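J.: sequence-free structure coming up:
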C-alpha cells in the first residue's frame, strides 16, 4: 500500500447515517476501511465495464431526486441525444423524493458506457448501475 492521504468530502447526513449502519453491520473496524473497499469496488466495476466491446443489450438503472430543479429535463435531453441506444424507459415513483428510472439499451458498449457516465455525474443522481447481457 502507498502513502496514506487525508481527504475531506461532503456527504448528505442521511447517506452517512445509512453508511455508518452498514459499516457496523458488516463489522468494519472503521469508516476508512469501508470507504477504501467501496472505492476498490467502484474502480473494479469501472475497469470491467471498459473491457466490454461491440454490440450489447442491457439496462441502465438509476435512482434520482426528482425534485432537483432541472434534473428531469436533463435526463430526458441526454436520452434524446442518445436515441439510437435507448429502446424503452420505465419510470417508477419510489417516494416523495426519489424516482427509479430503467433505460433499456441496445448498441455499442462504449456508447452505452458514455450514456451511463453522462447520466451518472448529474447532480441529483443518487445511484446508477449498468447491467449488460
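T.: The structure has been received and is ready for your questions. Treat the numbers as computed from the prediction; the structure is a model and nothing was measured. Residues are numbered from 1 along each chain as shown.

J.: by mean pLDDT, flag the weakest helix or strand of this protein.
T.: In the chain, the helix or strand scored least confidently by mean pLDDT, DSSP states H and E is helix 31-51, which has a mean of 81.

J.: that one - contacts with which helices or strands?
T.: Using 3 or more Cβ pairs under 8 Å, 6 or more residues apart in numbering; DSSP states H and E, the elements in contact with helix 31-51 are helix 13-26. The way it works is simple: take the backbone N, C-alpha and C, and place the C-beta from them, glycine included.

J.: and the angle for the helix it packs on with helix 31-51?
T.: Angle of helix 13-26 versus helix 31-51, following axes from the mean of the first three to the mean of the last three Cα atoms, to 10 degrees, is 100 degrees.

J.: from the chain's centroid, how far away is helix 13-26?
T.: Centroid separation for helix 13-26 versus its chain: 18 Å, with Cα atoms, centre = their mean, to the nearest Å.
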